[in-house]
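In: Below is the sequence, then the predicted model.
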Amino acid sequence: GSTKKSDITGAISSVTSDEITQVNAVSNVSQALQGHVAGVQVNQASGQPGEFMRIKIRGATSIGASSDPLYVVDGLPLDGLTAQLNPDDIERMEVLKDASATAIYGSRGANGVIMITTKRGKSGKARVSYSGYYGVQQLRKKIDLVNAQEFATLQNEVAANDGEPLPWTTAQLDSLKGKGYDWQDLVYKKAPVQDHNISVSGGSENTQYFTSFGYYNQDGIIENSSFKRFSFRTNLDQKLSDHFNITSSLSIQQSKYVEAQYTGAEGGGGVPWTTMVIPPTQPVYNADGSYTRFTGVPWGETNPVGISRELYQPNNATRIIGNAALNYNIIPGLVLKLSAGIDKNDSKKDYYAPGTITIGRSTDKDGNPVSGIASRDYSNSLTFINENTLSFNRTFGNHTIDAVGGITYQQSSSENLNSGQAKGFISDLYQ
């Protein structure tokens, strides 16, 4: 619905389409709120491309449960929204920040509500619009670490303090000058990012349409990490008569999220952490061509170059969001609205660690070594929502009556299937 700004008593902030698209390389609509809405904390869970955002509108509202807000896209409530929605399709975003949001959406709005309105067609000639960019990302600042000669000198000092033989001779120390391995340079690379969107909109007095196609592709600065999204949207508004009109929205997004091993510490294979602690005197490869292993702890895994190149963790997802509404103007000011919508989400997540890295090695039931560990997860969910409301808005002199009543029905179902781990592959063709 709509109301005068002077009549609003709740805390509401708005972000326009110009503000959403003024910053390039925004894969997630929630990133558009950063720095634009007071009192809203928006943080990305990691630097991984396409990673989900943590949003806190009223701070942490629960110790164990989620503090994520409720998303409402073109009137359709959604429990979660990731980088699958194209930011270029958005006309505006409103953030309901105080407890008044619960008056409309009940307990689902307890953490706040983010209302998203997508672009729609306008009467007139067909308009074709294109927007795009291409850029390159790189590590903003390297962490200052000791070089190979400094590291070897420190090892000698530790050994001397412990009364043990020195691991490095004076000649070996001198030979390390200007040599060694900068693991940050070996792991982090320049990565391209690009976004292309084309839309067609227009219509007549009775029919307006908006259709868009989008392509977004971002590589991570760690090898084998990326996010790619194809998106399609069509919005249609049809006036049937003076009393009836229909609105509909449909969006389809297909995305591929390839995850790097960015978590894990103390030798557990986490690429960023191991990059900072692995000795600069340690090479990438052994004499036989295999990857070296982090030896700082007994359980150390393959060095970060090997982990980032060989580990394969893609996640493919398809999401369909659609809704339609019939509006019947019974008498001036009295409107009956019947609407229905669906949110369909299907995803497949693969994991494969080849035997060329330590986390891809294991043993069979007889204790014999095997190479290659794989798993696959499937998940799908479907939400159906039906809303039927009757609203009345009339002004009589200096007095205004604004009332709404109705009923909502929502049904959600989900399924998950985990294959478990498969071990022992004769080749790495799984990828």
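Out: Nice, thanks for sending it over. Numbers count the residues shown, from 1 in each chain.

In: what stretches of the stretch 151-300 of the chain score poorly on pLDDT?
Out: The model of the stretch 151-300 of the chain has pLDDT under 70 over residues 265-268.

In: What ranges does it have for its helices?
Out: For the stretch 151-300 of the chain, the helices defined by DSSP state H, counting those that start in this stretch occupy 170-175, 183-187, 271-277.

In: Would you confirm that Q31 belongs to a helix?
Out: Yes - checked against DSSP: H, G, I helix; E, B strand; the rest coil, Q31 lies within a helix.

In: How many neighbouring residues does it have?
Out: 17 (other Cβ atoms under 10 Å). C-beta here means a position set from N, CA and C on the backbone, and glycine is covered the same way.

In: Next, count neighbours for the nearest residue to it once chain neighbours are set aside.
Out: Counting by Cβ to Cβ, 6 or more residues apart in numbering, M53 is the residue found nearest to Q31 once chain neighbours are left out, at 6.4 Å. When neighbours are defined as other Cβ under 10 Å, M53 has 19 of them.

In: I figured M53 was touching V40, is that so?
Out: No - the criterion here is Cβ atoms under 8 Å, and M53 misses it with V40 at 10.9 Å.

In: Next, the residues that contact stretch 160-170 from outside, please.
Out: 152-153, 155-156, 159 (Cβ atoms under 8 Å, 6 or more residues apart in numbering).

In: Can you say which of those are buried?
Out: 152, 155-156 (16 or more other Cβ atoms under 10 Å).

In: Among these, which one lies nearest to G367?
Out: The closest of the buried ones among the contacts of stretch 160-170 to G367 turns out to be Q155 (Cβ to Cβ; 36.5 Å).

In: What sits closest to that closest one if chain neighbours are left out?
Out: P167 (5.4 Å).

In: quick one: the one you found from A287, how far?
Out: P167 sits 19 Å away from A287, going by Cβ to Cβ, to the nearest Å.

In: out of those two, which sits in the more crowded spot?
Out: P167 (12 against 6).

In: Relative to the whole chain's centre, how far out is the lengthiest strand in the chain?
Out: Counting residues, the longest strand in the chain under DSSP state E turns out to be strand 373-396. Centre-to-centre, strand 373-396 and its host chain are 20 Å apart (Cα atoms, centre = their mean, to the nearest Å).

In: who does that strand touch, helix- and strand-wise?
Out: On a contact count with 3 or more Cβ pairs under 8 Å, 6 or more residues apart in numbering; DSSP states H and E, strand 373-396 meets strand 76-78, strand 334-353, strand 399-418, strand 422-423.

In: could you redo these as a markdown table and give each row distance to Q22 and mean neighbour count?
Out: Shown next, in a markdown table, are the helices and strands packed on strand 373-396 (distance: least, Cβ to Cβ, whole Å; neighbours: other Cβ atoms under 10 Å):
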| stretch | distance to Q22 | mean neighbour count |
| --- | --- | --- |
| strand 76-78 | 25 | 20 |
| strand 334-353 | 29 | 18 |
| strand 399-418 | 35 | 11 |
| strand 422-423 | 47 | 15 |
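
In: JSON lines please, covering these and showing mean pLDDT and distance to N303.
Out: Output for these, formatted as JSON lines (pLDDT from 0 to 100; distance: least, Cβ to Cβ, whole Å):
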{"stretch": "strand 76-78", "mean pLDDT": "88", "distance to N303": "42"}
{"stretch": "strand 334-353", "mean pLDDT": "95", "distance to N303": "15"}
{"stretch": "strand 399-418", "mean pLDDT": "91", "distance to N303": "30"}
{"stretch": "strand 422-423", "mean pLDDT": "89", "distance to N303": "23"}
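
In: As TSV, those strands with distance to F384 would be great.
Out: Listed next are those as TSV, based on distance: least, Cβ to Cβ, whole Å:
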stretch	distance to F384
strand 76-78	11
strand 334-353	5
strand 399-418	5
strand 422-423	36
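
In: got a list of what G360 touches?
Out: 310-311, 352-354, 371-373.

In: go again using 10 Å as the cut-off
Out: 302, 307, 310-312, 352-354, 370-374, 423, 425, 428 (Cβ atoms under 10 Å, 6 or more residues apart in numbering).

In: so how far is G50 from it?
Out: From G360 to G50 the distance is 24 Å (Cβ to Cβ).

In: Please apply the same query to A148.
Out: 36 Å.

In: same check, this time on G121
Out: Taking Cβ to Cβ, one finds G121 at 29 Å from G50.

In: Distance to S46 for the contacts of stretch 160-170 - can I get that in a markdown table?
Out: Below are the contacts of stretch 160-170 laid out as a markdown table (distance: Cβ to Cβ, whole Å):
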| residue | distance to S46 |
| --- | --- |
| A152 | 33 |
| T153 | 35 |
| Q155 | 32 |
| N156 | 37 |
| A159 | 37 |
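
In: For stretch 30-40, measure first residue to last.
Out: 11 Å (Cα to Cα, to the nearest Å).

In: Pull out the buried residues from that stretch.
Out: 30-34, 36-37, 40.

In: Among those, which one lies nearest to S413?
Out: S30 (25.9 Å).

In: Just confirm that closest one contacts P69, I think it does.
Out: Yes - S30 lies in contact with P69 (Cβ atoms under 10 Å); the separation is 9.3 Å.

In: Quick check: S17 touching P87?
Out: Yes - S17 lies in contact with P87 (Cβ under 10 Å); the separation is 8.8 Å.

In: Show me whatever sits in contact with both of these two.
Out: 32, 93.

In: In terms of neighbours, single out the busier of these two.
Out: Neighbour count, other Cβ under 10 Å: between S17 and P87, P87 has more, with 24 against 18.
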